[in-house]
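**Q** using only what follows, build the 3D model:
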Amino acid sequence: MSLTGRTVSWWVRLRRPCLTAAPRGPVVWLPTGLAACQRFYSSRDKEKIDMSAYPVESIRNFSIIAHVDHGKSTLADRLLEITGTIAKTDRNKQVLDKLQVERERGITVKAQSASLFYNYKGVNYLLNLIDTPGHVDFNYEVSRSLSACQGVLLVVDANEGIQAQTVANFYLAFEAQLAIIPVINKIDLKNADPERVEKQIEKLFDIPVNECIRISAKQGTNIDKVLEKVIEKIPPPQCNTTDPLKALVFDSTFDHYRGVVANVAVFGGEIQKGHRIVSAHTNKRYEVNEVGILTPNEQPTHKLYAGQVGYLIAGMKEVTEAQIGDTLFMYKQPVEPLPGFKSAKPMVFAGMYPVDQTEYNNLKSALERLTLNDSSVTVHRDSSLALGAGWRLGFLGLLHMEVFNQRLEQEYNTSVILTAPTVPYKAVLSSAKLIKEHGKSEITIINPAQFPDKHSVSEYLEPTVLGTIITPQEYIGKIIVLCQDRRAVQKEMLYIDEHRVMLKYLFPLNEIVVDFYDALKSLSSGYASFDYEDAGYQAADLIKMDILINGNPVEELSTIIHNDKAYATGKYLCERLKDAIPRQLFEIAIQAAIGKKIIARETLKAYRKNVVAKCYGGDITRRMKLLKRQAEGKKLMRKIGNVEVPRDAFIRVLKRQPEK
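**A** From the prediction side, this is the model:
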């Protein structure tokens, strides 16, 4: 290559922008050349903050919790502005919502932390704020965030009042014995009624009316009072810098260049660059490369002290090395590990397969990195004759599943096939042979292929949830009918004020997992709210329904359903398959069967040549002879012909129904 050619190619490479594999927020224009590559290491060039100026007594760790769309992220923006953490501009909207999916959907799906500095009565305070999600599917994020806090701001919309997730989040904070500060937001709205909301808070949560703070996060009204209340009411963390190092990993992300970035809450001692630390989970040793706080961007510091919350980079190159809930301690100074987190219990399972099997390893790598950031997802290897090798993933709900899939596509540029969601059933075995084979008398079924025969089972169990619905009273009749259609049992009915009612129902999880929330919102004109919690298992009349094509069962389309819903589901699947399978030269019978009993059938007509086209009159027996010969040929073809269901037909049938 000539000197000119080499110079041109070098210049092209220099001008090419540096791309990250996993963007953390909205897509922005990156500078070209060397400046682009240096952008991601800008935290190294910042002046380091001395955190020793903030002793334990002047630290406050708190979370913001609320129902969906009650103004948590807007309040976080105002708190960041009033403390001078970010500049006041009109563009400060959802500053802590860094993911693209959060900005597109307008919801928080990932808890984010930020450190604020505030001077109150001449004393400098360090306030560590964690903004949490509001949807029930991301409840695990909330419970993890509360472990690093000593208090919470419970935000309630002055227009909507207390809703289902407000109640659930209150009890999470109450059980963790945290200080709770009620904040009534959106008092600037035309229909706001803060007096009514204060009475609801007093009746349901037993918090006096005079403790509620009325604010408008959008306009910045009374935000300073919130900060004052945080300092006065929330206690400092109970820890000491003279104790040995003990740090809890409560979140982590993966950076292609620096490895794992762990978010830590320091419960004892201090940590700085160069310290040698050990993970209690893996017993591996690391050298700390960088420590700092989030403001909300990474800001390096000289040290992190007891009671402080920040980030830590220690050369962890594998995603399995930074387990959320792990305890880090100093080398040769072992400590009792912190309790960590109760593992999340998946409520919904779905199969995930690469669109092209050559992409299997890329998808595997993407899954490992995303599950590091979202530890509530469970992953099990799975395979299908039609779709190839893949995984069976467990999620906390349907929205959680959709957001996870969207993040895979946006952050890792992968395309996947996501099958219809199912729930985990159980079977109590009566067959001694099966009990010996499984090593226990009760087995969990997450795949219909594992469903045991009825003769070897004493009873089947289905998962249930205790659902809480808060609705205006005019919609009670419609909602009760909807709940009865979903096999729900009413447990409680309470008027929280003269207009709003709280209903509690015991639901089979399978009945609410797909479209119950949409139906509830539709019936109540969007006013009703819904939240649920695990309520164990109950006995149920469950059956396995097979789909037969020309008498041959198709394993991938088998489903576990309640006996009462079998006919409707079987008919729907047969109709959908009829539209998906291409026509053949012979007739195809598509059937839904329970055991040997056929409960639904659709027939896909054959392509048929017009064999009587050459007959221009003559005797009728000539026509009949030609038609009979054609029918015999079709019958023979049907006997020896195999129907191969094409891959795209599986995808269309197995994929969830599009939202109606």
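**Q** how many neighbours does residue 280 have?
**A** Residue 280: 19 surrounding residues under other C-beta atoms under 10 Å. Quick note: C-beta positions are derived from backbone N, CA and C, even for glycine.
**Q** lowest average confidence, helix or strand, in the chain?
**A** helix 34-39 (a mean of 35; mean pLDDT, DSSP states H and E).
**Q** which ones are touching residue 367?
**A** 352, 379, 391, 408 (C-beta atoms under 8 Å, 6 or more residues apart in numbering).
**Q** among those, which are in strands?
**A** Under the assignment DSSP state E, the contacts of residue 367 contribute 352, 379, 391 to strands.
**Q** save those residues as JSON lines, and put in pLDDT too.
**A** Listed next are those as JSON lines, based on pLDDT from 0 to 100:
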{"residue": "352", "pLDDT": "87"}
{"residue": "379", "pLDDT": "88"}
{"residue": "391", "pLDDT": "89"}
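**Q** need the contact list for the residue lying closest to residue 324 once chain neighbours are set aside.
**A** Of all residues not flanking residue 324 in the chain, residue 375 sits nearest, at 4.4 Å (C-beta to C-beta, 6 or more residues apart in numbering). Contact analysis of residue 375 by C-beta under 8 Å, 6+ apart lists 140, 323-325, 344.
**Q** okay, residue 375 and residue 136: tell me how far apart.
**A** 18 Å (C-beta to C-beta, to the nearest Å).
**Q** could you do residue 248 as well?
**A** In terms of C-beta to C-beta, residue 248 sits 25 Å off from residue 136.
**Q** and if you look at residue 272?
**A** 40 Å.
**Q** now stretch 382-391 - C-alpha only, PDB.
**A** Only the C-alpha atoms of stretch 382-391 are listed here, as PDB (Å, rounded to 0.1, in the frame of the first residue of the first chain):
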ATOM      1  CA  ASP A 382     -33.900 -25.500  26.800                       C
ATOM      2  CA  SER A 383     -34.300 -27.000  23.300                       C
ATOM      3  CA  SER A 384     -37.100 -27.400  20.800                       C
ATOM      4  CA  LEU A 385     -37.300 -29.600  17.700                       C
ATOM      5  CA  ALA A 386     -38.800 -26.800  15.700                       C
ATOM      6  CA  LEU A 387     -36.900 -23.800  17.100                       C
ATOM      7  CA  GLY A 388     -33.600 -25.300  18.000                       C
ATOM      8  CA  ALA A 389     -31.400 -24.600  21.100                       C
ATOM      9  CA  GLY A 390     -32.600 -21.800  23.400                       C
ATOM     10  CA  TRP A 391     -33.500 -21.000  27.000                       C
END
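**Q** which residues touch the spatially closest residue to residue 302 that is not a sequence neighbour?
**A** Excluding its sequence neighbours, the residue lying closest to residue 302 (C-beta to C-beta, 6+ apart) is residue 48, at 5.2 Å. By C-beta under 8 Å, 6+ apart, residue 48 lies in contact with 292, 300-302.
**Q** by neighbours, which of those wins?
**A** In those, the most neighbours by other C-beta under 10 Å go to residue 292, 24 neighbours.
**Q** tell me the spacing between it and residue 125.
**A** 19 Å.
**Q** same deal with residue 108?
**A** 25 Å.
**Q** looking at the two, which is more packed in?
**A** residue 108 (25 against 20).
**Q** next, residue 461: secondary structure please.
**A** strand (DSSP: H, G, I helix; E, B strand; the rest coil).
**Q** hang on, I meant residue 364
**A** Quick answer, by three-state DSSP: residue 364 is helix.
**Q** and the residue nearest to residue 395 when sequence neighbours are not counted, what does it touch?
**A** Among residues not flanking residue 395 along the chain, residue 401 sits closest, at 4.3 Å (C-beta to C-beta, 6+ apart). By C-beta under 8 Å, 6+ apart, the contact list for residue 401 reads 348, 350, 393, 395, 418, 421.
**Q** same question for residue 152.
**A** Residue 152 touches 62-65, 146, 169, 173, 178-181, counting by C-beta under 8 Å, 6+ apart.
**Q** mind checking which of those are in strands?
**A** Going by DSSP E, the strands hold 62-65, 179-181 from those.
**Q** tabulate the CA atom coordinates of stretch 137-154 in CSV.
**A** The C-alpha coordinates for stretch 137-154 follow below in CSV (Å, rounded to 0.1, in the frame of the first residue of the first chain):
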residue,chain,number,x,y,z
ASP,A,137,-43.2,-6.3,37.8
PHE,A,138,-40.2,-4.4,39.1
ASN,A,139,-40.9,-4.8,42.8
TYR,A,140,-37.6,-6.7,43.2
GLU,A,141,-35.7,-3.5,42.3
VAL,A,142,-37.6,-1.7,45.1
SER,A,143,-36.9,-4.3,47.7
ARG,A,144,-33.2,-4.3,46.8
SER,A,145,-33.0,-0.5,46.9
LEU,A,146,-34.6,-0.4,50.4
SER,A,147,-31.7,-2.6,51.8
ALA,A,148,-29.3,0.3,51.2
CYS,A,149,-31.6,2.9,52.8
GLN,A,150,-32.7,4.1,56.3
GLY,A,151,-35.8,5.9,55.1
VAL,A,152,-38.2,6.5,52.2
LEU,A,153,-40.3,9.3,50.6
LEU,A,154,-43.7,7.8,49.9
